[in-house]
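In: With the input below, show me the fold.
(chains A, B, C and D)
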Number of protein chains: 2
Amino acid sequence: MESTNTRPRRLAATKQALSVGDVARRCGVAVSTLHFYETKGLIHSWRNAGNQRRYTRDVLRRVAVIKIAQRTGVPLAEIQQALATLPDSRTPTAADWRRLSERWRAALDERITQLTLLRDQLDGCIGCGCLSLAQCPLRNPGDVLGGDGEGAQRLGSDHVSNGSTAL
Amino acid sequence: MESTNTRPRRLAATKQALSVGDVARRCGVAVSTLHFYETKGLIHSWRNAGNQRRYTRDVLRRVAVIKIAQRTGVPLAEIQQALATLPDSRTPTAADWRRLSERWRAALDERITQLTLLRDQLDGCIGCGCLSLAQCPLRNPGDVLGGDGEGAQRLGSDHVSNGSTAL
DNA sequence: GTAAGACCTCGAGTATGGTTGAGGTAAAGC
DNA sequence: GCTTTACCTCAACCATACTCGAGGTCTTAC
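Out: Next up, the predicted model:
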């Protein structure tokens, strides 16, 4: 793991600007992750005379939001798009951030609903002990297809292998 | 995409055994996916005289269970372990399947709880419009660290980038 | 001034969950 | 018998989200 130790250090040039290490330490992420986020357009920096990255404090909030959004299951590409709607010129306002969280809250709601539905169906099947081929809503939502005998069809074309729900 | 068309066809050799194509069609997955599952030990087959895979009907249930488990966010490795506890010798009983679904039901519960908690926190922050650096539970769960001014620390070391909860 | 530590770039590697394609064989339909 | 599907293997590739290492530069502490 990269340098993410915790002892306090002076800010880069004892000024407002944060170095990549500062940001990493304060956000609890690896330096390489910040590099990575930058390549993905999630955060931005400028360079000092020695070609080292410098950040405004703004980036702390951005990284925080990225991490929160990830917890809700939003993929980085979506987060990038959302963050891109933030103003570049001014420091984002509370209203700006609220807009983002409302958007993700909706996605989160949807995901919770889906999972709850799934749980309830699973419950039903635990109750009947079946996971029955012909009747189980988990296995045959539409209850069609299948010529000869039993047969489960069209399972989870909606499966969420990456845990994300499209926004 | 591989051959996953829907017109009915005779079963392999008009017998009980299913070909990989039969299984793919009836489960709504690609043939390559079945190959893949086999390399991961999730399903099993034997070969006919011409080196083609043959399956018992059992595999339909297995694939169904795999897809359901994936929807709950269980990674394939976990699913493999769970399926490995099924008897090889006899066809799994309702009790066998119930055991699996109970296990996953618990994981699902946990995930729903986590997401609901997150949503409620997000709600609070939408309410106050802040995503506040110092006070927000989303950003600073422990409310410690940070020497100079504001500062969000130790964010989501528990983040679920792949959407899965460890069982 | 010097040494340690932080930073730089770029390419490769990791893990998950598959898909695609090449080159060749088997089975089914007529 | 012949053609069309289906099937076989194996390697490579895709996307996501990072991490690691090599080789070299910059800053900071003393």
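
In: in which helix or strand would I find whichever residue of chain A sits closest to DNA strand C?
Out: For chain A, the residue closest to DNA strand C is A:Gly21, as judged by C-beta to the nearest atom of the strand, at 2.4 Å. The C-beta positions use only the backbone N, C-alpha and C, and glycine is treated the same way. Using DSSP states H and E, A:Gly21 falls within helix A:20-27.

In: in that helix, what's buried?
Out: A:20-27 (16 or more other C-beta atoms under 10 Å in any protein chain shown).

In: Put together TSV for those, with pLDDT and distance to chain B on each row.
Out: Shown next, in TSV, are these (pLDDT from 0 to 100; distance: C-beta to the nearest C-beta, whole Å):
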residue	pLDDT	distance to chain B
A:Val20	97	16
A:Gly21	97	14
A:Asp22	96	10
A:Val23	96	10
A:Ala24	96	11
A:Arg25	95	8
A:Arg26	93	5
A:Cys27	93	6
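
In: if we can go back for a sec, how near is the residue of chain A closest to DNA strand C to A:Val29?
Out: Taking C-beta to C-beta, to the nearest Å as the measure, A:Gly21 falls 11 Å from A:Val29.

In: now A:Asp88
Out: A:Asp88 sits 22 Å away from A:Val29, taking C-beta to C-beta as the criterion.

In: quick one on the thing from earlier: so the residue of chain A closest to DNA strand C touches A:Ala30, yeah?
Out: No: using C-beta atoms under 8 Å, A:Gly21 makes no contact with A:Ala30, being 10.4 Å away.

In: where do the strands sit along chain A?
Out: Secondary structure of chain A by DSSP state E: the strands cover A:46-47, A:53-54.

In: among these, which is nearest DNA strand D?
Out: Smallest distance to DNA strand D across the strands of chain A (C-beta to the nearest atom of the strand): 9.1 Å, for strand A:46-47.

In: tell me which strands and helices that closest one is in contact with?
Out: Under the contact criterion of 3 or more C-beta pairs under 8 Å, 6 or more residues apart in numbering or on different chains; DSSP states H and E, strand A:46-47 touches strand A:53-54.

In: residue contacts, A:Leu100?
Out: Residues near A:Leu100 by C-beta atoms under 8 Å, 6 or more residues apart in numbering or on different chains: A:65, A:69, A:82-83, A:85-86.

In: so which of those are also by chain B?
Out: Contacts with chain B within the contacts of A:Leu100, as defined by C-beta under 8 Å from any C-beta of the partner chain: A:Val65.

In: what residue ranges in chain A score low on pLDDT?
Out: A:1-15, A:125-167 (pLDDT under 70).

In: List the residues that contact the closest residue to A:Leu42 other than its chain neighbours.
Out: Using C-beta to C-beta, 6 or more residues apart in numbering or on different chains and skipping residues adjacent in sequence, the residue nearest A:Leu42 is A:Gln80, 5.2 Å away. A:Gln80 is in contact with A:40-42, counting by C-beta under 8 Å, 6+ apart.
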